[in-house]
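Novice: Need coordinates for the following:
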Amino acid sequence: MERVLVSIITIGDELLIGQTIDTNSAWMAQQLNAMGIWVQRRVAIGDVKEAILKALEEEGAISDIVLITGGLGPTADDITKPVLTGYFGGKLVRDEITYQRVMQFFESRGLPTLQRNVDQSLVPDVCTVLHNTRGTAPGMWFEKNGKIYVSLPGVPHEMKGLMEDHVLPRLREHFNTPAVMHQTLLTSGMGESFIAERLLSFEAGLPPEIKLAYLPAYGVLKLRLTAFGEDKLSTAAALSIYFHQMKDLLPDIAVADQDIPLAEVLGKILVEKGKTVGTAESCTGGFISHSMTLIPGSSAWYDGSVVTYSNEMKMQLLGVKAETLDKYGAVSEEVVMEMAAGALRQLKTDYIIAVSGIMGPDGGTPEKPVGTVWIAAGSAGELIAVKRQLIYDRYNNIQMTAAYAMNELRKLIV
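Specialist: Numbers count the residues shown, from 1 in each chain. Coordinates of the predicted model:
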């Protein structure tokens, strides 16, 4: 079965200058790949007629589907709609459903309806209109020379609604796609090159229809196996066999059989044990707590945090001794252990994570260079401390510290 290929074109000057990060393409690619449609190219272009026309020609020549986001707003720089109208040989006409939605949108908010807003109801008469229930700009579905072109708003919330309500169901009806299955092993504690060395024979023995991808993230490495087949049942069965073979080769660093955040992994373990955790954070400034509370249902296992950035707050709120700070410094095993013990007394949680470090870009010394981090984790019955030496910029060091700290607790209680 041949692959169905898709190109994604994102339109907007703001994407090219880095003012806006393109999250649309990543989300679209995930949804398409899950239904067996392969994204082979992603292209970002500005709000320029010639660039849009060139991209349409080039991507339409190599892909079965061309998805376009952006340039459908009410301002002068949003030129996608008139360019598409000319490209597909149509003229703009008013779509009554969209017109009524635009009018209701502004009237319900007590706002005047400008002509530029009304003009959002204009669509090429050669397209199938995809009605937008989350905004005022409709999507547009075109077909030309056996290829499908779909234009969607660049606002992520609106784009996702149109994809889920219209585009994905239509593509399922239109194409007979192969089954594509993924399974991801989350690992932590070993670098990519060392894991690749351990999996050398395993990877060489994979059949052509199963591929292994190495996906580094903060403090973890994701190993994703992707299988292609005729049907989901047999494809999933074959994938499962190789996945467990891979996992058995990495028992010391395997964290989870899912592509989920470390905070969620830790939360699942705590829920199973009926235990709670808190944090005492210095260098991360609450980032570990933030990571935990991003997980739905975290109130079942996360109780709170004490953020003590200064030495004064470490002494006042956590009971860290002045003599300990004077003798060893804030970034030390001794201080981070006292922070953890103090947080356990204050928060009364079953487990605690405490961190203190130098995130950079300055503040380091020859004895304690930038990136030095001490992590304490455990309970009143067992507290451990480990040192990490990070090499990244400030933000990445903070994220790495959070990941390493959560994994140290996970290893202790699993």
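Novice: Which neighbouring residues are in contact with Pro112, exactly?
Specialist: Phe106 (CB atoms under 8 Å, 6 or more residues apart in numbering). In short, each C-beta sits where N, CA and C put it, glycine included.
Novice: Distance check, it against Leu72.
Specialist: 21 Å (CB to CB, to the nearest Å).
Novice: just Leu5 next, same as before
Specialist: On the measure of CB to CB, Leu5 and Leu72 end up 24 Å apart.
Novice: and Arg345, what does it touch?
Specialist: Neighbour list for Arg345: Gly319 [criterion: CB under 8 Å, 6+ apart].
Novice: just checking, it is part of a helix?
Specialist: Yes: counting by DSSP: H, G, I helix; E, B strand; the rest coil, Arg345 falls inside a helix.
Novice: Check what pLDDT it gets.
Specialist: Turning to Arg345, the model gives it a pLDDT of 97.
Novice: May I ask which helix or strand encompasses the closest residue to Cys127 other than its chain neighbours?
Specialist: Computed as CB to CB, 6 or more residues apart in numbering, the closest residue to Cys127 that is not its neighbour in sequence is Met140, at 4.1 Å. Element membership for Met140 (DSSP states H and E) is strand 139-144.
Novice: who's in contact with that strand?
Specialist: With CB under 8 Å, 6+ apart, strand 139-144 has contacts from 60, 81, 84, 88, 123-124, 126-132, 148-153, 162, 166-167, 170.
Novice: Repeat the analysis, applying 6 Å as the threshold.
Specialist: Phe88, Cys127, Thr128, Leu130, Tyr149, Val150, Ser151, Leu152, Leu162 (CB atoms under 6 Å, 6 or more residues apart in numbering).
Novice: residue contacts, Arg394?
Specialist: Met359, Gly360.
Novice: For it, give me the pLDDT.
Specialist: 97.
Novice: And for Ala263?
Specialist: Model confidence at Ala263 (pLDDT) stands at 98.
Novice: how far is the helix or strand bottoming out on mean pLDDT in the chain from where the chain is centred?
Specialist: Least confident helix or strand of the chain, by mean pLDDT, DSSP states H and E, is helix 115-118 with a mean of 89. Centre-to-centre, helix 115-118 and its host chain are 35 Å apart (CA atoms, centre = their mean, to the nearest Å).
Novice: next one: stretch 93-104
Specialist: The answer for stretch 93-104 is 35 Å, by CA atoms, centre = their mean.
Novice: do stretch 338-345 as well
Specialist: For stretch 338-345, the distance to the chain centre is 33 Å (CA atoms, centre = their mean).
Novice: got any ranges where the protein has weak pLDDT?
Specialist: Counting by pLDDT under 70, the ranges of the chain that qualify are 1.
Novice: domains for it, by residue range?
Specialist: Domain assignment of the chain by automatic domain parsing yields the ranges 4-174, 179-256, 262-413.
Novice: Need the winner for burial among the ones you listed.
Specialist: domain 262-413 (a mean of 19; mean count of other CB atoms under 10 Å).
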